[in-house]
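J.: What follows is a predicted protein model with its sequence.
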Amino acid sequence: MENLHGCKFRLIFSIIICLSFGLVSFLFCIIAETKRNKKKDLKMDGKLCYLPESHAFGFGVAALVCLFVAQIIGNSVVFRNSFSGGKRRGSQAKLSEIVKALLSISWISFGVAVVLVSTATSMSRKQPYGKGWLDGECYLVKQEIYIGSSILILVTTSSTVGSAITTIRESQS
């Protein structure tokens, strides 16, 4: 009986950690949005341009790390519960479809968020005269890219935690 309570505690603790990392990643994206380079930071020298490195770079990297940790922890809870249980009954097959749907949403939004945050973060690095971000041209991160990414991070985290909770309920019945 005590082992069962220890297992439940570890699962709940893992879910809380996953939620915490997801929320921290969300907050880092919000901060990165406020710290990104603006048009006034762009300096032109004829056809050459220069952008200094913004603080959004560090916050973007931190957001990516936290998002990866949240996704790994959340999915480990899901897969540990899914594969540690006994035989599945017909009533539980419907729940596993819910878990599959939530995991699909989680991984799709995770992939899009990683692409958006990593691209915006890469663009937040220093862009020296003549080098730029791509083909020698300077690029600014568009307004609200980090905000959109933060919404995707919330979708990722909530669907991962939802699938984890569903698998916990599934294994208890």
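T.: Arrived safely. Numbering: from 1, shown residues only.
J.: Would you mind measuring from the spatially most central residue of the chain to residue 49?
T.: Nearest to the mean C-alpha position of the chain, by CA atoms, centre = their mean, lies residue 67 at 3.4 Å. Distance of residue 67 to residue 49, computed by CB to CB, to the nearest Å: 31 Å. Every C-beta, even on glycine, is put in place using the N, C-alpha and C of the backbone.
J.: Residue 151 now?
T.: On the measure of CB to CB, residue 151 and residue 49 end up 30 Å apart.
J.: Between those two, tell me which one has more neighbours.
T.: residue 49 (21 against 15; other CB atoms under 10 Å).
J.: Look up the residues forming beta bridges with that one.
T.: Counting by DSSP bridges, residue 49 is bridged to residue 44.
J.: Identify the residues contacting it.
T.: Residue 49 makes contacts with 42, 43, 127, 129, 132, 137, 138, as judged by CB atoms under 8 Å, 6 or more residues apart in numbering.
J.: So which of those residues belong to strands?
T.: The members of the contacts of residue 49 that map onto strands under DSSP state E are residue 43.
J.: Can you report how many residues lie near residue 78?
T.: Quick note: residue 78 (other CB under 10 Å) scores 23 neighbours.
J.: isn't it right next to residue 164, touching?
T.: Yes - under the criterion of CB atoms under 8 Å, residue 78 makes contact with residue 164 at 5.0 Å.
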